[in-house]
Structures are given as structure tokens and as C-alpha cells.
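>>> Model the structure of this input:
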Amino acid sequence: AAAKAITCMCKTYASGPQSAAIKDACRSAGAIVKLVALLRGADGTSPKRRAASALFFLMYSCDANKQAVCAAGGIAPLVSLLHTGSSAGRESAALALYLASSSKPDAVLDAVFSHLPPNVASHEKLYRRLQSIARQRCTAALATNTIEALKPAISRAEVMALPTQNIRPARTALAALEAEAEAAKQARRESLGLGSVDLPDEFKCPITFEVMTDPVVASDGHSYERSAIEYVIQRGNKLSPLTRAPLGNHIFQNFN
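This is a model prediction of the structure:
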């Protein structure tokens, strides 16, 4: 009921000093934190949809509220609603994420990317915004010119279906850095007298049969090269290459 009341107030006073005052008062009273909690814990999709709608109206033309929603942890439950909500709930979540992305662009892109497939193509405004963020991230990664920056930038650009010409420079730079790193590793192995020792098969991706450079663990418990298993989840048959069981959408960094 409170979420619906906030939405009604924001709609009634859509602009002007009264609108700003209402949004500031709601933030000061802790409404944003409570709405985010409702997004996380409410039973059923209707309360979550109303919470997402209220957050959208509170963030509209209010940078302070955009920052407050992000600080309250609102991005993750909005992304979850984007995947699990009703049609109206997904639309409310997409609109709220669109506004939040102007405050925390990388955080929104990363949260959407963590749910594969990302399920944003049908929400055009959000989709175009995330494509723009992914494009900017590739450009920034190129300037940084490190493997740690380029890999996630490329993977997110690929998921957001950026044109090849937008991704190619980053891929070229990453390939050169990885070749340098591999040459340095080989030189180190040879200096230790291990140059002819083959790496264990566990170091190789079961899909590419090449040594993994960005290993992740899928829901089947096995390790894969990130880009290879992402392709299976996003565009393939979504079955484990090893067990043939259905794969979940989440993957995790393999630190072992």
C-alpha cells in the first residue's frame, strides 16, 4: 500500500518544487530502504512490481534518489525481478534500472551480466543504455590495457551484442597481452627446467580443449573457459558439455 501511495504522489506532483520535496522527504524517511527490502523479501510478484514502480518514480529527475537506491542495494533485486516478474513487473524493473544506470553504470551492467541470458533485449531503452555502457567500458579497458580490464569488458560487450567493430580492438589488445604473458610463463618454466612438461588436462577447457585463461565454474560443478560456457548458456542448448544436465544461468570465478 505504501509503495502504491508513493507512486500516486509522484505521479500527481510529477514536476516542480512539490515533486522534489516529496522525493526528498521519502528518502529522508527511509522509504527507499524499505522499498528495496520489499523487492527482496515480498511474496508474489505484485508487491515487487509496485516497489519497483515506486523506486522508478522516486528516482525520476532526482540524482540523490538514484544514488540512494544503488546504495541501498536496489540493483540486484531489480535485476532479479527483470527475470522472474510478471510482464508489468519486468517493465517496471527495466525502467528503474535504466534510471539507476545513470548513477552506477558499471554496477547495473555487471548485475545484468551476472544473470545469463541477460533478458534485456525486449526493453529497448535499458538495452541501448547497457550497450552504450559496454561500449564505453571497452574503450576504458583499451586505455588501461590490462588483461584484468579487457576480459570482463569484452565478455560484457559480447553479451550485449555490440557490433564486431566495437569489440575487435579490445580483442586484439587482449590477444597480444595474453601472448606476452604466455611467453613469459614459458620462459619461466624453461628456466626451471620444466619447459617440456605438459600441463595437466584439468587446466584445459572441456569445450575448447585449450588451456583456460579465464576459468569459471558452471552449475554442473565443472570448470570451463568463461567465453565458451557463456556461449553454451546464452546461445547453445544450455546443457552441460560433460554431464548433459541442464545448466543454470550463474557462473562463478574459479580461484583454484
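
>>> quick one: pLDDT of residue 202?
For residue 202, the pLDDT comes out at 84.

>>> which strand residues sit across from the spatially closest residue to it that is not a sequence neighbour in the sheet?
Distances taken as Cβ to Cβ, 6 or more residues apart in numbering put residue 223 closest to residue 202, at 7.7 Å, once the chain neighbours are dropped. C-betas here are computed from N, CA, C, even on glycine. Counting by DSSP bridges, residue 223 forms beta bridges with residue 217.

>>> Can you get me a residue count around residue 223?
By other Cβ atoms under 10 Å, 21 other residues sit near residue 223.

>>> Pull up the gap between it and residue 235, please.
Here residue 223 is placed at a distance of 20 Å from residue 235 (Cβ to Cβ, to the nearest Å).

>>> what does residue 212 give?
Between residue 212 and residue 235 the computed distance is 20 Å (Cβ to Cβ).

>>> Looking at these two, which one has more neighbours?
Shown here are residue 212 and residue 235; by other Cβ under 10 Å, residue 212 has more neighbours (19 against 9).

>>> ok, the more buried one - contacts?
203, 204, 205, 223, 224, 225 (Cβ atoms under 8 Å, 6 or more residues apart in numbering).

>>> Pull the most distant pair out of those residues.
Greatest spacing in the contacts of residue 212, by Cβ to Cβ: 203 and 224 (12.1 Å).

>>> Report how many residues lie close to the closest residue to residue 203 other than its chain neighbours.
Nearest non-adjacent residue to residue 203, counting by Cβ to Cβ, 6+ apart: residue 211, 5.2 Å away. Per other Cβ under 10 Å, the neighbour tally for residue 211 reads 14.

>>> Residue 58 now?
If we define neighbours as other Cβ under 10 Å, then residue 58 has 27 of them.

>>> List the buried residues of the helix or strand where residue 70 lies.
Element membership for residue 70, per DSSP states H and E: helix 63-71. Within helix 63-71, the residues scored as buried using 16 or more other Cβ atoms under 10 Å are 65, 66, 67, 68, 69, 70.

>>> taking the mean pLDDT, what do you get for that helix?
The predicted model assigns helix 63-71 a mean pLDDT of 96.

>>> how about the helix or strand following that helix: buried residues?
Of the helices and strands lying after helix 63-71 in sequence (DSSP H and E), the nearest is helix 75-84. Of all the residues in helix 75-84, those buried under the rule 16+ other Cβ under 10 Å are 75, 77, 78, 79, 80, 81, 82.

>>> List of residues touching the helix or strand that helix 75-84 is followed by?
Once helix 75-84 ends, the next helix or strand along the chain (criterion: DSSP H and E) is helix 87-100. Residues from elsewhere that reach helix 87-100 (Cβ under 8 Å, 6+ apart): 45-46, 48-49, 52-53, 55-56, 59-60, 66, 69-70, 74-75, 78-79, 81-83, 85, 108, 112, 119-120, 123, 125-126, 129.

>>> which one of the buried residues of helix 75-84 is nearest residue 17?
residue 78 (28.3 Å).

>>> Surely the closest one and residue 39 touch.
Yes - in this structure, residue 78 is within contact of residue 39 by Cβ atoms under 8 Å, at 6.7 Å.

>>> what sits in contact with each of these two?
Common neighbours of residue 78 and residue 39 are listed as 52, 55 (criterion: Cβ under 8 Å, 6+ apart).

>>> what's near enough to touch residue 114?
Contacts of residue 114 by Cβ under 8 Å, 6+ apart are 79, 250.

>>> cutoff 10 Å now
Counting by Cβ atoms under 10 Å, 6 or more residues apart in numbering, residue 114 touches 76, 79, 249, 250, 251, 252.

>>> Against residue 243, how distant is it?
23 Å.
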